[in-house]
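Trainee: What would the 3D arrangement of this be:
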Amino acid sequence: MKNRNQKEREQKIRRAVKKGLSISLCAVLVGGFSAAAYEGVNAVTGWGTDQVSAASHKVELVQTASEESSAGKGSLDVSSIVEEAMPSVVSITTKSIQEVQDIYSMFGGYGYIPQEREVQGSGSGIIIGQNDEELLVVTNYHVVEGADTLSVSFVDGEVYEASVKGFDEDKDLAVVAVPLSDISGDTMDQIKIAAIGNSDDLKVGEQVVAIGNALGYGQSVTTGIVSAKNRQLNEDVQSVEEAADAENGVNLIQTDAAINPGNSGGALLNMNGEVVGINSAKLASTEVEGMGYAIAITDVKDVLEQLMNETTRDRLEEDAHGVLSITGQSVSDEASQVYGIPEGVRVAEVTKDGAADKAGIKENDIITSFDGKDVTGIEQLVELLNYYAPGEEVEVTVASLGNGKYEEETLTVTLDEQQSSEDSQSEKSDGDDKDSSKDSEDGNSIVDDWENNNNGLRFGEGW
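Mentor: The predicted model follows:
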């Protein structure tokens, strides 16, 4: 009995010793883990032993991290860039007279008289220069195309009338001018010329900022990245492809920054606040999201300088602009490629003793340039004439076929006044089979494409 009690006491003592050793071992392991965890956190965060007290204040640590990275945080906060650039961006409002479409005009109701109304459009622009008399603003050509009047609103909200100084339809660029004499001193103090950057230096993935008059509501700001470079927009099929040759198109920057109607002509900025692109287009589709485009500023630098130095012109009244006194037809891209005919306007008929006749322009000549601007179609030529008054001398380049090839010659043409429709008809013989159903603004027949010419003329015939 005694031996059994003694054995029980010995077993209790051994169990107590084991329990104590287990507790000690656990304490050592927990302590070791805690120390290792503490050292690991120190190694990751860079905290030292003298920062232990700071580590317990999480709010201060977040604030400290924010302060340390705020100087280079531009990817999140672009307010300073916008504040610096906004005085260089303007809103543009256009007004034009257009025919109203209704059921009678659509189905050709007998005796229908077309109704006209004033249509207002909106866009954006960038202040890019100044001469002795004018403040110069660049925008897209499609913003001012066909506009009878233009007005520019600056950052202070003041609105001033403007005129077209020059445009390049192919590049979708235009420069408008505001007389310095019209601009108040207060407005001049609040606006400035934009800083121009180098679009060639942009990198895919780099952040950009777009500023423009979205939907005509006033200036707004969107941000995004450079999604791609060297893109070209195919206007005919609304598709974009990689640019193979910038000479034959407009080099575009693709961005996911929102570019909506009214943004056209606005600024695309890099993170230095410099203009690297002119917002131009958005590929619209239910299947496409976040694909906006801007004209690369470096690629059009020479074009802009040329437009900035042209003569400022106002669009003249419909019956007040000068004419060449010809009948013309567009040379299509297909005809140019297949038959080697220069792109431009084929002279189908020359009015005797008219402006073109006196200058030496002949039938079947191809007008390729008007006052230094390339001409690719009849609509473009008519649009250019809207800015030139009768009596003005204009240099016109024509390509004439001789010895099996086309040779260009530049002639000086003094524009005629427009003839009334009665005078124009009286000059035509009764047997004239020219298409007179499509009259241009100067009383001359316009045919968009030889294949659609009602008089039966086809490619290569009549030469």
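Trainee: Please name the bridge partners of residue 393.
Mentor: residue 414 (DSSP bridges).
Trainee: same deal with residue 162?
Mentor: residue 150.
Trainee: what number of residues lie near it?
Mentor: Counted with other C-beta atoms under 10 Å, residues neighbouring residue 162 total 29. For every residue, glycine as well, the C-beta is placed using N, CA and C.
Trainee: which residues touch it?
Mentor: 92, 137, 150, 151, 152, 176, 177, 178 (C-beta atoms under 8 Å, 6 or more residues apart in numbering).
Trainee: Show me which of those residues are buried.
Mentor: 92, 137, 150, 151, 152, 176, 177, 178 (16 or more other C-beta atoms under 10 Å).
Trainee: Do I have it right that the fifth one meets residue 92?
Mentor: Just to be clear, that refers to residue 152. Yes - judged on C-beta atoms under 8 Å, residue 152 makes contact with residue 92 at a distance of 5.8 Å.
Trainee: who touches both of those two?
Mentor: Residues touching both residue 152 and residue 92 (C-beta under 8 Å, 6+ apart) are 125, 137, 162, 176.
Trainee: Looking at the contacts of residue 162, which are in strands?
Mentor: Counting by DSSP state E, the part of those found in strands is 92, 137, 150, 151, 152, 176, 177, 178.
Trainee: pLDDT added to those residues, as TSV?
Mentor: Formatted as TSV, those follow (pLDDT from 0 to 100):
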residue	pLDDT
92	95
137	96
150	93
151	95
152	96
176	96
177	95
178	96
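Trainee: Which of these sits closest to residue 256?
Mentor: Using C-beta to C-beta, residue 92 comes nearest to residue 256 of the ones in strands among the contacts of residue 162, at 24.8 Å.
Trainee: Return the set of residues that bridge with the closest one.
Mentor: residue 123, residue 152.
Trainee: Residue 177 now?
Mentor: residue 136, residue 163.
Trainee: Can I take it that residue 262 is in a helix?
Mentor: No - Residue 262: not assigned to a helix; according to DSSP: H, G, I helix; E, B strand; the rest coil it is coil.
Trainee: correct me, but it touches residue 124?
Mentor: Yes - if you go by C-beta under 8 Å, residue 262 and residue 124 touch, sitting 6.7 Å apart.
Trainee: Between the two, tell me which one has more neighbours.
Mentor: Remark: of residue 262 and residue 124, residue 124 carries more neighbours, 28 against 24, as counted by other C-beta under 10 Å.
Trainee: who touches that one in this structure?
Mentor: By C-beta under 8 Å, 6+ apart, the contact set of residue 124 is 89-92, 139, 143, 211-213, 219, 262-267, 279.
Trainee: again, but for residue 164
Mentor: By C-beta under 8 Å, 6+ apart, the neighbours of residue 164 are 144, 150, 174, 175, 176, 177, 312, 313, 314, 315, 387.
Trainee: could you redo the last one with a cut-off of 10 Å?
Mentor: Taking C-beta atoms under 10 Å, 6 or more residues apart in numbering as the criterion, residue 164 is in contact with 139, 141, 144-145, 147, 150, 174-177, 307, 310, 312-315, 386-387.
Trainee: Repeat that for residue 160.
Mentor: Contacts of residue 160 by C-beta under 10 Å, 6+ apart are 90, 135, 150-154, 178-179, 182-184, 187.
Trainee: what do you get if the cut-off is 7 Å, keeping everything else the same?
Mentor: 151, 152, 178, 182, 183 (C-beta atoms under 7 Å, 6 or more residues apart in numbering).
Trainee: Which members of the residues you listed are the farthest-apart pair?
Mentor: 151 and 183 (12.7 Å).
Trainee: returning to what we had before: which one of the shared contacts of residue 152 and residue 92 is nearest to residue 225?
Mentor: Closest to residue 225, out of all of those and judged by C-beta to C-beta, is residue 125, at 24.3 Å.
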